[in-house]
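K.L.:
The sequence and its predicted three-dimensional model are supplied below.
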Amino acid sequence: MIDRDYCVTMARYNRWQNDQLETLLGALGSADLTQDRGAFFGSMLGTVNHIFWGDMMWMSRFDGGAGPEQPASESAQVFPTLAAWAAERFRLDGRIRQWALGIHAVDLAGNLTWYSGSAGREVTAPMGQLVVHFFNHQTHHRGQVHAMLTATGSKAPVSDLFLMPEQT
C-alpha cells in the first residue's frame, strides 16, 4: 500500500505545512487564535492543538515513545499559546521525520493492535492503513485551520503537495 518514500514525503509535507501555519497564525492576535469559530475543535489554536495531540498519540503507537499527557477530551487545550505549540511542534515534527527515515517495508506490513480510548476497546488494523490515516488526519484538520484563516481575511498556506519545496 505504502512505502518508506511515502512516509518521508508526508513527514516533509507535515513540516512544511506546520512552518507555514506557524508564520500565518503568528500574524494574528491571541483573540483571533482562540476565538471559537464553530469548528470541531473550536478555534484555530484548539485545532492545531488537536493535531499535535493526535500526532503524539499515533507516534507513541508507531515508535513506542511518549504519548500525549492529556486525555482525548482535552486535545484542544494542550498548549495555551501559539509559541508553546510551535516549540513542541518543531520537536514532534523532527520525531516524525526520524521515524519516517528509519522505516522499513516490514514495519509497514501486518497489523497494529492497541487500546483505543476513543473506541473504548482494543482495536487491530493494518499498519499501512494506519500510517495513511495518521497523515490524512493532519491534512484534514489543517484544512479546517485553512478555512478559519481565510474567514479572517488572512492569507492561507499553500497546501498543494506538488508545490512543496525540495528541502523542508
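P.N.:
Happy to help now that I have it. Numbering: from 1, shown residues only.

K.L.:
sec struct for Thr113, please.
P.N.:
Following DSSP: H, G, I helix; E, B strand; the rest coil, we place Thr113 in the strand state.

K.L.:
List the residues that contact it.
P.N.:
Neighbouring residues of Thr113 by CB atoms under 8 Å, 6 or more residues apart in numbering: Glu122, Val123, Thr124. (Each C-beta comes from the backbone N, C-alpha and C, glycine too.)

K.L.:
can we see that at 7 Å?
P.N.:
Counting by CB atoms under 7 Å, 6 or more residues apart in numbering, Thr113 touches Glu122, Thr124.

K.L.:
buried set for the longest helix seen in the chain?
P.N.:
In the chain, taking DSSP state H as the definition, the longest helix is helix 127-151. Residues of helix 127-151 classed as buried: 127-128, 130-132, 134-135, 137-139, 141-142, 144-146, 148-149 (neighbour count, 16 or more other CB atoms under 10 Å).

K.L.:
With stretch 50-60 instead?
P.N.:
Buried, per 16+ other CB under 10 Å, within stretch 50-60: His50, Ile51, Phe52, Trp53, Gly54, Asp55, Met56, Met57, Trp58, Met59.

K.L.:
Among these, which one lies nearest to Phe90?
P.N.:
Of all the buried residues of stretch 50-60, Phe90 sits closest to Phe52, with 11.0 Å by CB to CB.
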